[in-house]
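Novice: Sequence and predicted structure, then a few things I'm wondering about:
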Amino acid sequence: MRLDAHQHYWSIERGDYGWITPAIPVLYRDFLPQHLEPLLHKHQLDGTIVVQAAATLAETDFLLALSETEPTIRGVVAWLDLADPDYRINYERFAKHPKFVGFRLMIQEMPDANAILAPAYVEALAFFAEKGVPVDLLVVSHQLEPLVKLLDQVPDLHAVIDHIAKPRIKDGVLEPWKEQMSQIAAHPGIYCKLSGMVTEADHNNWEPAAFKPYIGHVLEVFGPGRVMYGSDWPVSLLAASYDEVVSVLEQALPETWPEEDRERLFGLNAKEFYRI
């Protein structure tokens with residue numbers, strides 16, 4: 001099974017995508033399955049993992065409903081507010097849906113990432129760790145120190161780092177991202193999505209070579225069994241076409257990688273992680 005492990009769908013008229021405005025014309029329109037299906041077919045992808053793009057329960061309901069009539073949606077990553085005392089009730093409601101595969105913690109949006117070390121967050125994530133629920137972690141490279149501390153407190157978390165933790169690719173900065181990602185990868189339950197990289201580079205003037213040090217490090221520390229391809233489409237359109245996103249990753253893979261490892265990267269790891 002070949003999968004795109006990270007992409008989004010949205011309908012602008014829903015009104016809960018506050019970050020998508022007319023000032024971003026590339027994204028300010030509907031993006032739905034019929035718009036992505038030709039690209040999935042072109043790259044021989046059997047389906048996708050659709051990830052929440054709005055911090056609302058209603059958007060998750062929208063995506064789950066969409067998945068009921070769209071066979072290429074193999075799983076939906078929901079939104080949950082772990083600071084909400086009712087987070088378990090919301091989780092249990094979503095978990096009844098056959099296409100629900102986990103939820104995303106949006107650390108990126110927190111003014112202070114140290115909030116994830118508060119007892120309420122640690123307790124909530126320990127609950128999900130015990131259940132083995134897949135968790136996407138949306139985090140920016142400057143927020144990795146609190147995440148390293150969190151994983152020391154919840155070492156059994158079954159989670160995946162989105163967008164290789166958004167390092168400063170545009171500026172060519174590797175440290176302390178490299179060291180912190182090595183620490184994170186030491187936890188065997190943590191995976192990493194090779195996604196969202198083009199939008200961390202210069203949108204109008206990037207070269208494939210700029211991504212190789214970052215991709216190479218992720219492959220080295222996580223290994224072929226804990227990495228996933230994700231397009232981050234349509235957000236990726238800010239900097240690259242779908243074809244270019246695939247090409248960037250393909251060009252950075254070791255020439256010695258066997259076909260088995262490529263199959264894991266392009267679907268099998270996501271299938272196992274999300275228990276599809």
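Specialist: Looks like it arrived, so ask away. Residues are numbered from 1 along each chain as shown.

Novice: Secondary structure class of Arg104, three-state.
Specialist: Secondary structure, DSSP: H, G, I helix; E, B strand; the rest coil: Arg104 is strand.

Novice: How many neighbouring residues does it have?
Specialist: Neighbouring residues of Arg104 were enumerated by other CB atoms under 10 Å; the total is 24. All C-beta spots, glycine's among them, are computed from the backbone N, C-alpha and C.

Novice: ok, it to Val76 distance?
Specialist: To Val76, Arg104 is 10 Å away according to CB to CB, to the nearest Å.

Novice: shared neighbours of the two, anything?
Specialist: Overlap between the contact sets of Arg104 and Val76, as judged by CB atoms under 8 Å, 6 or more residues apart in numbering, is given by 51-52.

Novice: Helices of this protein, start to end?
Specialist: Per DSSP state H, the chain carries helices over the ranges 33-42, 57-67, 87-95, 119-131, 144-153, 177-185, 212-222, 242-252, 259-263, 269-273.

Novice: Which among those helices is found nearest to Ile164?
Specialist: Each of those was scored for nearness to Ile164 using CB to CB, and the closest is helix 212-222 (5.5 Å).

Novice: how about that closest one: buried residues?
Specialist: By neighbour count with 16 or more other CB atoms under 10 Å, helix 212-222 contains the buried residues 214-215, 217-219, 221-222.

Novice: got it, and stretch 111-131?
Specialist: Neighbour counts using 16+ other CB under 10 Å place 113, 116, 121-122, 124-125, 128-129 of stretch 111-131 among the buried residues.

Novice: so what's Asp243 up against?
Specialist: Remark: with contacts taken as CB under 8 Å, 6+ apart, Asp243 is in contact with 39, 42.

Novice: re the thing from before, looking at the buried residues of stretch 111-131, which one is closest to Val198?
Specialist: Out of the buried residues of stretch 111-131, the one with the shortest distance to Val198 is Ala113. That distance is 23.8 Å, counting by CB to CB.

Novice: that older thread, which of the helices of the chain is buried the deepest?
Specialist: Per-residue neighbour counts averaged over each of these give the maximum for helix 269-273, namely a mean of 23 (mean count of other CB atoms under 10 Å).

Novice: Now render the buried residues of helix 212-222 as JSON lines, adding distance to Trp10.
Specialist: Converted to JSON lines, those look like this (distance: CB to CB, whole Å):
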{"residue": "Tyr214", "distance to Trp10": "27"}
{"residue": "Ile215", "distance to Trp10": "28"}
{"residue": "His217", "distance to Trp10": "32"}
{"residue": "Val218", "distance to Trp10": "28"}
{"residue": "Leu219", "distance to Trp10": "31"}
{"residue": "Val221", "distance to Trp10": "33"}
{"residue": "Phe222", "distance to Trp10": "29"}
